[in-house]
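[1] Okay, sequence plus prediction incoming.
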Amino acid sequence: MSEEIVLHVKGLKKAFGAVIAADNLDVQVPAAARLSLIGSNGAGKTTFVNMVTGYMKPDSGQILLYGDNVVGFSPRRISRMGVCRSFQIPQLCESMTPVDNLIVAGTIASRQKASFFRPVHDRQNVDRALEMLARFGLTDYADQPVEQLPGGVRKLIDIAMALVSQPRVLLLDEPTSGVSSEEKFPLMDRVMAALAGEKAAVIFVEHDMEVVTRYADRVLAFYSGDIIADDTPERVLADPKVQEFVTGTAR
Ligand SMILES: Nc1ncnc2c1ncn2[C@@H]1O[C@H](COP(=O)(O)OP(=O)(O)OP(=O)(O)O)[C@@H](O)[C@H]1O
């Protein structure tokens, strides 16, 4: 049986003046993908993520979400269609607790309007936020202001916020950036465990090849706006072009 394709990018192009950031990209992402985007600085990874999530409009090409072309849709509309993202620098309300951040994310995702009869802090919203924190192993941090929490925990909260809306496609921009080498595997283990029960294709931008090898089942290697390799981590990392232009491991 063929796999369901949730996201199909076709002939996607984006240039900034003379810089080609996306050079006619074609990518199909199946429902259960664990897809990593690699490439040196400026290769076009974030541009790809920004276009798929509606933060940047391509010059041409299509972004098909379950067959519908979403080019030109706002980030909010695309997120309501099930494409959510976390950011390289977590986008959290610093003075609020993780629970309150998650309640706000959940309220926005469910398009609820707060009222006297249905306050934002109703039982259902609070329970859902607590359940999500528990899934990420963050219950102990529930009531501390985010600004007092370590970087790894903030990353996890940002990802948990993207997950409250039960996305079909989840894009993570450098989930381990700014995280110590001791913390990176425990952090990714928690992320992957939290995602295990979700039917979300996961696409993550990553510079750490150990993380890529351990958590991705497929890798796209970007170079100068082009995808120069698309295969399993082992095959991509053994590709001479990738070793020359991405990992710098060519002999
Ligand atoms: N808003 C913009 N205006 C002008 N140039 C841009 C813009 N966004 C990206 N670029 C350029 O497009 C190219 C691709 O950038 P992009 O951020 O997608 O690369 P990246 O692979 O994500 O790099 P990094 O790993 O450093 O985040 C780079 O040359 C970058 O300078």
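    On my side now, so go ahead. Numbers count the residues shown, from 1 in each chain.

[2] From here on, just use CA atoms for contacts and neighbour counts.
    Noted.

[3] tell me the contacts of the residue in the stretch 101-250 of the chain that the ligand sits nearest to?
    Using Cα to the nearest ligand atom, the single residue of the stretch 101-250 of the chain nearest to the ligand is G225, 6.6 Å away. When contacts are counted by Cα atoms under 8 Å, 6 or more residues apart in numbering, G225 touches 20-23, 43-44.

[4] Of those, which are in range of the ligand?
    21, 43-44 (Cα under 6 Å from any ligand atom).

[5] show me where the chain has helices.
    Along the chain, the stretches classed as helices by DSSP state H are 45-52, 75-80, 98-109, 123-135, 151-163, 181-195, 209-215, 233-238, 240-242.

[6] Throw those helices into CSV and include mean pLDDT, thanks.
    Shown next, in CSV, are the helices of the chain (pLDDT from 0 to 100):
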stretch, mean pLDDT
helix 45-52, 96
helix 75-80, 90
helix 98-109, 82
helix 123-135, 86
helix 151-163, 88
helix 181-195, 91
helix 209-215, 96
helix 233-238, 97
helix 240-242, 96
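
[7] Output those in CSV, with mean neighbour count and distance to L64 appended to each entry.
    As requested, those are exported to CSV (neighbours: other Cα atoms under 10 Å; distance: least, Cα to Cα, whole Å):
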stretch, mean neighbour count, distance to L64
helix 45-52, 22, 9
helix 75-80, 18, 11
helix 98-109, 23, 21
helix 123-135, 17, 29
helix 151-163, 23, 21
helix 181-195, 16, 23
helix 209-215, 16, 25
helix 233-238, 18, 25
helix 240-242, 18, 28
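
[8] possible to save those as CSV with distance to Y141?
    Converted to CSV, these look like this (distance: least, Cα to Cα, whole Å):
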stretch, distance to Y141
helix 45-52, 30
helix 75-80, 27
helix 98-109, 7
helix 123-135, 9
helix 151-163, 9
helix 181-195, 15
helix 209-215, 25
helix 233-238, 35
helix 240-242, 40
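
[9] got CSV for those, with distance to the ligand too?
    As requested, the helices of the chain are exported to CSV (distance: least, Cα to the nearest ligand atom, whole Å):
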stretch, distance to the ligand
helix 45-52, 4
helix 75-80, 16
helix 98-109, 25
helix 123-135, 28
helix 151-163, 17
helix 181-195, 18
helix 209-215, 13
helix 233-238, 17
helix 240-242, 14
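
[10] These: which one's closest to L170?
    helix 151-163 (7.5 Å; Cα to Cα).

[11] Give me the angle between the closest one and helix 181-195.
    20 degrees (axes from the mean of the first three to the mean of the last three Cα atoms, to 10 degrees).

[12] now could you export just the CA positions of helix 151-163 as CSV?
    C-alpha atoms of helix 151-163 as CSV (Å, rounded to 0.1, in the frame of the first residue of the first chain):
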residue,chain,number,x,y,z
GLY,A,151,17.2,26.6,27.7
GLY,A,152,16.4,23.0,27.1
VAL,A,153,13.2,23.2,29.0
ARG,A,154,12.1,26.3,27.1
LYS,A,155,12.8,24.5,23.8
LEU,A,156,10.5,21.6,25.0
ILE,A,157,7.8,24.0,26.0
ASP,A,158,7.9,25.7,22.6
ILE,A,159,7.6,22.3,20.9
ALA,A,160,4.8,21.3,23.3
MET,A,161,2.9,24.5,22.3
ALA,A,162,3.2,23.5,18.7
LEU,A,163,1.8,20.1,19.5
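
[13] And for it, what's in contact with it?
    Outside helix 151-163, the residues touching it (Cα under 8 Å, 6+ apart) are 84-87, 89-92, 98, 101-102, 105-106, 132-133, 136, 138, 146, 170, 172, 175-176, 178-179, 183, 187, 191.

[14] Distance of F73 relative to the ligand?
    As judged by Cα to the nearest ligand atom, to the nearest Å, F73 and the ligand stand 18 Å apart.
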